[in-house]
Structures are given as structure tokens and as C-alpha cells.
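K.L.:
Need coordinates for the below:
(2 chains)
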Amino acid sequence: MKPISPRPISIVIAAMGGEGGGVLTDWLVQAATTEGFAVQSTSIPGVAQRTGATTYYVEIYPVPLAQLGGQRPVLALAPSVGDVDLVVATELMEAARTVARGYSDPARTRLIASTHRVYAVAEKTAMGDGRADSEKLMRVIEAGAKTRLLFDMEAVAKAAGCVINSVLLGAIAGSGVLPMSPEVFEAGIRAAGKSVDSNLRGFQAGLAAARGDVPAVTQPSFKRAQPETPAALALVARAHGELPEPARAAAEEGVRRLARYQDSRYSQLYLERLAPIAAAERDAGGDGSLTRAVARHLAVRMSFEDVIRVAQLKTDPARLNRIRAEIGAAPGQPVVVKDFLKPGIEEICGLLPGVLARPILAVSRRKGWTETAYWGREVSSSGILGFSALWLMARLRGWRRFSHRFHDEQRSIEIWLDAVTKAIALSPLLGLEVAECARLVKGYGETWRRGEASFRAIHDGLITPALSGSWPVGFAVDAIANARAAALADPEGDRLAKTLAAVQEKAAA
Amino acid sequence: MAERSFHHEIQSLRLGAGETFRGEGILAVTKALLQSGVSYVGGYQGAPVSHLMDVLVDAEDLLSELGIHIEACTNEAAAAAMLGASIAYPIRGAVTWKSVVGTNVASDALSNLASPGVIGGAMIIIGEDYGDGASVIQERSHAFAMKSSIWLLDPRPHLPAIVHMVEKGFELSEASHSPVMLDLRIKACHVTGEFETKDNRAAAFSRNAPLGKPAAFDYAKLSHPPSTFAHEIAKVTERMPAAQAFIREHKLNEWFAGDLADIGIVVQGGLYNSLMRALMRLDLADALGNTRIPIYCLNVTYPLVPEEVTAFCASKRAVLMVEEGTPDYIEQALGQILRKADLQTKLFGKDCLPQAGEYTSDVMVEGLAAFVEQAVPQGFDAGPARKIADALKHHRQTAAALLDAELPGRQPGFCTGCPERPVFSALKLAQKDVGPTHVSADIGCHSFGTLPPFSMGNSILGFGMSLASAAAVGPNLGRRPISVMGDGGFWHNGSITGVAGTLFNRGDGILVIMQNGYTSATGQQFMPSTIAEGRRAETPMNIEATLKVMGVKWLKTVRSYSVGTMKGVIKDAMTTTEKGLKVIIADGECQLARQRRVKSEDAAKVKAGERVIRVRYGVDDEVCSGDHSCIRLSGCPSLTIKPNPDPLRDDPVAAVINSCVGCGLCGEVAHAAVLCPSFWRAEVVQNPSRFDLWLDGWRNRLRGWLQAEAVS
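P.N.:
Down below sits the predicted model:
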């Protein structure tokens, strides 16, 4: 006996809890049953939680049962390596994961997936940027499947007012892989009788995409530049004239940002600080990318996050509109916004002049109060009292120059800039690494303290010896880059301590 | 009232003779029970068999028509003990639970049931939680069948085969006076298919037709000496031979012929489909079940029928035993049967196939290739099979090499708005202040606290066992351990093994009870302290009152979302000089259950024009600095990241997406952990009153004036 009967068509659906993968599977089973094919599905939903990856598996035998002469196909309950006709994924990383697990066959498999990302916990909890590289994921998908249909189905679903599963169903129906016509699927949606209109809209969009009418990728820019202000205009022109081309856009944004943050005199200081960096880079034969990096970090560091800045941002006229849009409030619907503010001793002392702040902070730090004493408030920032209070706080902008925090920050900025300038003289590459260390210092309260401490550790432990010229440049560059990555690896600072120790040991050897 | 509505399923339970049932495996079993004339059913929920109970609990009308008594048991031991009704009475009953853990809990009752044996058919439907997607220890239920002389049915994962084995299983149980277990693997529970139904059968004796008088006293039915000695002898001299005869006569095991007649495969029924797929991939079978290698399919894996085994093996030079899990009980038994029959058939098994782990078709392709290479069937070239197996291995390696690093995993976690997440945030924060301690974890939704971002828990010893498993930790650690237990676990056994045990032994430690009102992880079934409206509302038991009566002195109930308060209470419990058990009840209703209720209520109110406030949380993306401490302390699925809108920064910022249910944890955490001022809470007033509109108008005007002032 030589087996000759056709193979079952196999479909893997990689979904996450709550995305309607089960309903999608039911639609497929229903359509196949209607058309008289043997069909079987399995899943491992197991527990009720909504976040885990859930895989559904469907097999359809492409010869109608009526033509099998009483025989019945034996269908599998799980996909096999290299043996899947259709890979369907509700999200990009799950598509890549399915391919990397070997289910798809580059010679046979059709892959249908949405290109949007739903981030995994590990990607979200990273202290810096822990996101998987979407281009890499895309390359995996490209290499692992014969044909692909990829577009942002979440956006399409949102536009159609449906769940992503009906868009996927349309794309599956139009793929030509299954022996059922799109009309059968449509009838199935109607027969199920739930959210029929929106599901049909999603289905049609998916079907059109499968037939070549892939929705255009409209990637709206998510960056919000500072608005042009008269105070910054002249300085913006100056930045444009003085700085190398690659650094201009960042520097112009920095000028506008600092004029709004403080005043045009502060923007001027920014350009004055930037000029020697640009000159040093030019002398070292750099292309301006180093100046661009410094322009970005310097503007961020100079607009450090104090109580006044928070009040400025919270009372910004555009803010309430953004919130209204985000929560989908209808025009005319009242929206009440509350903010969770909890300034501590450091924040409050930051507003005082140094003579007052320094002794208080010294005592507080000795007694450990900086980490325990806070003034917790839920401010109703859309209300009359709350808004007025924040507005008054924002008006303290002029006072900022006399505050302890301002002086403290300027000193740290100078230390950093000085290190960058000296590093450029040794090597522009080293200069860039030192410049990038500014990324560590950010945020509020504990986050800020941790970042500051990491920067100081790297500065004292690595940058200072590197600048003294006692280390080979390549070694110093690697050491600083590794330490920066280590500082962002865990909030407890364990990895950074280990990395610094390892570098010191290596340098001594 | 479980998570799903089973209206559709209940309709299919009513199908009559000659109709077609379509649906999942576990529901097919449910229907098969009704067709078998059971008088009672019971069980304890647990994936993958929860649906069996959920559907029946919802199908009250149908059950009362048939006179079937149903119990939602408080644990598996209670469910197993229910089968005691079939010891003395000619009534059929079925119970269900997840195995191997549930079988462990039930094993005392099972031993005492199996010893006297039954006169009414007794069946245990076990959801075998093994392999890909399993959530429990990887052990075999097979051991329980062997040690207690319970017959183990392992049908092919094909609805007609499963239904047939349920019906035959009751007959087998009665014919051999032994309970039977029906073993269903996870995927078989969820597999969809169809079968031709029969009419439901009302039992001869049931709630609707009571027996009326009790059984006569019979000491021989008690598992007491000397009856137990007689039972042991009966098991081997009467019951097992009767079972083997029944299996043989009714052809419960299947025999599939093939042209390579000098070799053969013996397979557990549940693995048949995967085996067929592996054979198909090796060109040794087709999709319609025609195989080249003869197959002996064991739909009953215990006891084996030696006559059938020897008949299958007699003319073969080699057979392969395909048996999943460890130890290889069946393979050992086959070896013994062959030896005793003095057959020279070479036996292959876990030398070709892996010692442990799920036998997927991929695993079997490799094992089968190794088998045909070594068994050398006459007139067969094993070369092509080896080539196919090697190509598959190569394909898997090539695919894996497409990634330069592992992709981050996507384990299940706490749902959006889960009331248990904030407790772990508070535990994390409290330990930061008073130092780390031993955390004794348990089974339930809260075991997700062991996953990132919390990564908390030093041991898991079983359902409801967290406090008991910390008994010897505290004295040896020198710090108070913290045990986390769900309300489900509390009623399952934690109140006795943990609380009573600790009080009795004057233990000093902390117990945190997650009171969310349901056994949530398995689909929000009711349990003794459920207070939601529904079937069991008349008897809500109270955990706090129970603990007081038991003698717990240090007892605090804290709203689980109040992270700051919870943190303070945990710190108190850690540092107080008072000795003894300290119990913190973290009170917060399961958010999935709550949302289901609240959503429809709110929608109705909005429709009726009533004032409804919708709450959502969010993050000011300009204020957020992209450190993600908030995510590390919360892990909420609706708290995610998005690209940084700041042209000068790259690190993604935190963002709250639409799935937010407004539980408030992010604000609480930001507050309790002193994170950053980025979080806001927005209340949208739907159907605002005139006062709302008036106030809103004034607020708008004031903000407008001040903002204009700021610009000028």
C-alpha cells in the first residue's frame, strides 16, 4: 500500500488572551463544517488570565467527507515542525516566534500577521529601551515564510470598530489557502449574530488586503516639537548658523525648549555651552554627530525635572485636550483630572536658595529623611483650586535661577561637559560615549537619585582614569559603553557594581 | 455562574438519538455521562476539566429532569469520597478533577473506594495536565491506577472514541466492581469534533426515583481489616480478570493492520493521533488512518490484556512502545509479558523515544525513524525515513537560528485591574523597607506573583499549602515568613493544614489571604465564601469570622488596592513584637467578574440617562522620564510603553491603554513608591447634571484666563 490521499491543511493561530483567537477558530471550524469538510481545532486556553500567549490549531481535510467513502481523516492536535500551511498571528513578535519555532516552511507557508506590537513584560520593565527590534522580527518572518500578508490590523480594526480577529478572518478567507469561499465566512459571521456589522467591516478590510488592497501605512509622527516663540527666534537662527548640519535640528529644538523652560538667556547659555563641543569635534575631524548627541542630552539635562517644570507641563493648555482625546471624552462632557503629586524634602529644598537648602538637606540625608518624608497630594488639576495652585507654582520660573537645585544641576552639567570636551581631544568616539552617559540622569525622586549615583560611579571609576590617558582608548570606550548598559540592567545597581569591578581588575592586569 | 455562558452548550446536552453533537472534547464527555444514566456527578474545578462542572452547574433544569444530583465539591478528596455512594448502591456516578495534583489530594478516598470496590459504575474524569501548556508537576496518574486497582481508560482523542469509552467505562466498572479513570490530556479536552448522540438516560435510582431504604450492613464493604485482606485478594483474583475479559470481549483496545507485518507499534490511545501524524510525515501512513506498520492502540492502559499483547507481538521481530511520561510502566509490563510468554520479539520504547516530556508528532518522527532503522522490517528501506527525520531536525535548527537571541516570553499574568497585583506591589515595597523575607507561594492566580515583574516566592508545595509549607522556615530563618494563599486555597484545605496547624503549634508568621470571591484561575467558579448573587448566595461563609472563631488574634482586613495601607500593615506584621499567626485579608473582588457585572450595569444606566462616572488612568508623556519603575511595580497589562514624544529623547515612555478599568493601582503605586508625578486619573461624567455643566464651565473659564495670563 502506498499512501496517496491528500494531506490535511494546517493552520496555526498565535494570539494573546482577550484578542478573540477562540472566536476566530470557531469561525474557521464553522465554515469548514458548513462546506462539508472534516475539521478539528484545539487550543490551550487553560486558565482565565488575559495576558499569556495562546495558540490555536486548526486542521481541515480538503476533500469533502461525502467523497471519502466512509473513511475519516485522523487529524493532529498540535502543529508539527515545517508542516503548517497558514501561520496567523495577531501581533508581530508572536509571528516571529511562530516562525522561529520552526512551524512554517519557507517553501510552502503563507503567513498573515498584524505588524503592530504588544510589548512583553520584559520589554516594558527595562529601565531604558527594552523593545525588541521590529526590523529584526520582520527579517525572521521574511526568511521563514513563503508568502506574507503583513499590515497593521489593529489600526484597521480600530477604524472598523471591531476586534482584530475579524480582520484576520478576512485575510484568511482571501488567502486562497482554504477550500472555503469568502461568502461562506461572511455567512458564518451573520449566523453567529454577534456584533455582525462591525465584524463584517473588519472582515471586508481583511479580505481587501488579501486581494492586494493593503491599507496604506500612515505612521503619524509621534514626536511633538516645541512651538516657535518670538523669544527663541533669533537664537534658533544662531544655532542654525553656528552648528554643523547634523546637530541643527536638535539644537534648535533645545533652544526653543529652554526658552520656554526658563528664558532666552538660558537658551543662550545652552548655545554657549554647545559651541566649544562643536569646535572640538570639528578639530578632531568629526562629522557633527557628536555635537548632535550633546545638543540633545544637554537640552534635556538643562531642562531638569523640578517642581516648577512639572507645574508648567500640568498647566499646559494642550494637556487637557490630549487627555480628553486619550480617554475618548465626547465634546461637552465634563472631565475631572486628578494628579498624583508627592514632593519630598529634596524637591522642596530644591526650590530654596542654597544657604537654606544645604543644611536642611545635610541633616535630612544623615537621618534618612530624604527617602521617607513626603508630602503626598492628590491635586485636582482641572479644578479651580488645584489648577490655580499649579499655575502659581509654574509662575515660580523666574525664581528658579536662585534655587539650590538650579545651581546643583549647573555644576553637574559643567562636570559632564568638561569630561566630554576632554574626551573628544583623545578621540571623538570616547567623547560620544561620555556624552551618552548623560542619559542615565533622569526622572524624579528615587529614579533620579539612582541615575545620579550611576553617573557618578561611572564618572569617577571610568571616565576620570580614561581621561588621564592611562587606558587605551578602545578599552575605555568599551568599558564606558558596558557600564552604561549595566547601569540600565537592574534598579538595584548590582550589575553596574560588578561591571565596574571587572573593568578595574582588567585595567590593573 | 462561571466566566463563560454555557447556554449553547446546554442545548447540545439535550440532543437526542441520531442527532449530531459538535463541540469540545470535555463537553462530549459531559453528554456521554448523561447518556450513561448517571445518578450523581461532582468534582473540583481545574483546567482543563472545569467546563464539565461549569456546564452542569448551569444546566440545573436538565439535571433535575434526569434526577441527577450535582455537587461542587470543596476539594478533590470530597469529590472522590462522593463515589462512595456506588460502593453499596447500584447507582452510577462520575467525578472530575485535574490530575496529577487533584488525584494526589483525592488519593486517600480513592484507596478506600477501590479497596471494597463498587457495585454501581464509578468513573473519575481526570484532566491530565501534562506537556505543552501544563501548569502542574509532570507526573503520571497511571501510578494511582496501578496501586489502587483502578482501571485507566485512555481513549483516542476523537469524539466518538471518547464517548464510547465513557459509556463502556461504566459497564467495565460494574462488570469488574472497580472504579475507572478516564484520562483526558489537555488538548483532548479542548479538541473539537462531532459524534452521533443518543437519548439521555434517567437512572433507575436517582433524586427523582430514590432507593428508599439503606443498604444492609455489610462489614465486607468497609476498608477495615480483615476485609482489606480479602479486598486485596479479590482485586487480583476476581476484579482484574473480569476487567481483562470485558476489555477483550468488547474490543476496547484497537488493532490497525499494516503491510510491514513483522514489526508493530503499541501506543497509548491518547497519543494515537500524534503517532499517525508522525507516520504520515515519514510516508508510513496516510491522512485517513491507513498505516504500513501495524498498531495496537491501548484505549485501556491499565490493566493490560496479556493475551492481546502476545497475539499482537507473536509474529513480530520488533515492537515499539509509545508511552508518554516517566516511569515507563507499560513498557516494563510489556517486557514482562513477552518474557513470560517466551516471545523473542525485541522491545523498543524509551531507547528510541525521549525518557521524558510530551510526545509531540515531531518527537515521534525522530523516534520512529530510529525504530525502523533498528528493527529492520523485511523488504523495507529505512533510509528515506531517516532522511525525512534529519531534514526536520535541520529545519528546526535553521528556524531557531533566525533569531540571534531568545524572544522575551509571554507568560500569563495578572489581568488588568486584578486586585491581587497591588498586594504584590505592597509586598515588594514593604520588603524594601524592612528587608527581604521568605515568601511561601501557593496555587491560584496569585502564583503569577512568582513571575516578572514581581518574581516573588521561594516555594510552592500545593494548593492551599503555603502556610503549612512555611512551618519549619520561620524558626530556621530567624525571620517571619510571609505565606500567600487564595480564598479558594483557604477552603480547599489551607484553613486546616495551614491556619489550624499554625495556631495549634504556636507558629509565628504572616498569612496573606487573597479574598477575591471566586476560584478565579479556573474560570471564576463559586466557592464557600462567594458573596456574588447567584446559586450559592444563601450560604456565604465568611473567612474573617472563621479565622476569629479559630482563634486568630492578629487579623486585619485591608482593601487590596490601598497599596500604602497594605504596605504599612505588612510592615507592622513583620516588625511587631507580638508572637503568633498574623493574618492579612486582602479584600478585592476578581476584576473579571466585577467588570462583567459593572459594565452591563453602567451601560444600562448610561442608556437610561443616569449620571455615570467613567474612570481611567493615564500618564503625562511629557512628564514621564522613561524609567518604567511604575511598570516594574505594577505589571498591569494596560500599563505599557509607547514611543517618546520628546524629539530629544528616545527611551519609550509609559502609557495606559484603553483596556484600563480604572482600578487605580498605578496612581496608588506612584504614590506609595514615590515614583513620579506623571500619573493622572480622569473622570468622565456621562449624562452630566446641570451642576456638573455649570461647574465645568467655570473651571474652563478660569483655566482659560490663567493660561492666557501665562502666555502674555
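K.L.:
Following the chain past the least confident helix or strand in chain B by mean pLDDT, name the next helix or strand.
P.N.:
In chain B, no helix or strand scores lower on mean pLDDT, DSSP states H and E than helix B:665-672, which sits at a mean of 82. Per DSSP states H and E, helix B:665-672 leads on to strand B:679-686 as the next helix or strand towards the C-terminus.
K.L.:
Run me through the strand neighbours of that next one, direction for each.
P.N.:
strand A:335-341 (antiparallel), strand B:612-619 (antiparallel) (DSSP bridges).
K.L.:
got the angle for that strand vs helix B:665-672?
P.N.:
Counting by axes from the mean of the first three to the mean of the last three CA atoms, to 10 degrees, strand B:679-686 lies at 140 degrees to helix B:665-672.
K.L.:
quick one: average confidence on strand B:679-686?
P.N.:
The pLDDT scores in strand B:679-686 average 94.
K.L.:
so how many other residues sit close to residue B:541?
P.N.:
Applying other CB atoms under 10 Å in any protein chain shown, we find 14 residues neighbouring residue B:541. Backbone N, C-alpha and C define where each C-beta goes, glycine included.
K.L.:
Can you name the residues that contact it?
P.N.:
For residue B:541, the contact set (CB atoms under 8 Å, 6 or more residues apart in numbering or on different chains) comprises B:491, B:528, B:529.
K.L.:
thinking again about what came up before, out of the strands paired with strand B:679-686, which comes closest to residue B:667?
P.N.:
Nearest to residue B:667, of all those, is strand A:335-341, at 4.8 Å by CB to CB.
K.L.:
C-terminal to the closest one, which secondary structure element comes first?
P.N.:
Assignment by DSSP H and E places the next element after strand A:335-341 at helix A:345-351.
K.L.:
who touches that next one?
P.N.:
The contact list for helix A:345-351, computed with CB under 8 Å, 6+ apart, reads A:306-308, A:356-357, A:360-361, A:364, A:369-370, A:373-375, A:396, A:399, A:403-405, A:408, A:444-445, A:449.
K.L.:
so residue A:58 makes contact with residue A:43?
P.N.:
No. Between residue A:58 and residue A:43 there is no contact under CB atoms under 8 Å: 9.5 Å.
K.L.:
Would you mind telling me which of these two has the busier surroundings?
P.N.:
Using other CB under 10 Å, the more surrounded residue of residue A:58 and residue A:43 is residue A:58, with 28 against 24.
K.L.:
Nearest to residue B:87, out of the strands paired with strand B:679-686?
P.N.:
Nearest to residue B:87, of all these, is strand B:612-619, at 56.2 Å by CB to CB.
K.L.:
Return the distance of that closest one from the chain's centre.
P.N.:
How far strand B:612-619 lies from its chain's middle: 34 Å, per CA atoms, centre = their mean, to the nearest Å.
K.L.:
picking up where we left off before, hmm, the least confident helix or strand of chain B in reach of chain A?
P.N.:
Yes. Contact between helix B:665-672 and chain A, assessed by CB under 8 Å from any CB of the partner chain, occurs at B:667, B:670, B:671.
K.L.:
Mind telling me which residue is nearest the centre of chain A?
P.N.:
With distances taken as CA atoms, centre = their mean, residue A:131 lies nearest the centre of chain A, 6.1 Å away.
K.L.:
mind checking pLDDT for residue A:3?
P.N.:
43.
K.L.:
repeat for residue B:535
P.N.:
50.
K.L.:
same deal with residue A:504?
P.N.:
89.
K.L.:
What number of residues are in the vicinity of residue 20?
P.N.:
Here I'm looking at chain A. Residue A:20 has 20 neighbours, counted by other CB under 10 Å.
K.L.:
Can you look at chain B instead?
P.N.:
For residue B:20, the neighbour count with other CB under 10 Å is 11.
K.L.:
Touching, it and residue B:193? I think so.
P.N.:
No. Contact between residue B:20 and residue B:193 fails when scored by CB under 8 Å: they sit 10.4 Å apart.
K.L.:
Alpha carbons of the least confident helix or strand of chain B, in CSV - could you do that?
P.N.:
Written as CSV, here are the backbone C-alpha positions of helix B:665-672 (Å, rounded to 0.1, in the frame of the first residue of the first chain):
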residue,chain,number,x,y,z
LEU,B,665,-3.3,50.8,41.1
CYS,B,666,-0.9,52.9,39.0
GLY,B,667,-1.8,56.0,40.9
GLU,B,668,-1.5,54.1,44.2
VAL,B,669,1.8,52.7,43.3
ALA,B,670,3.2,56.0,42.1
HIS,B,671,2.1,57.4,45.4
ALA,B,672,3.2,54.6,47.7
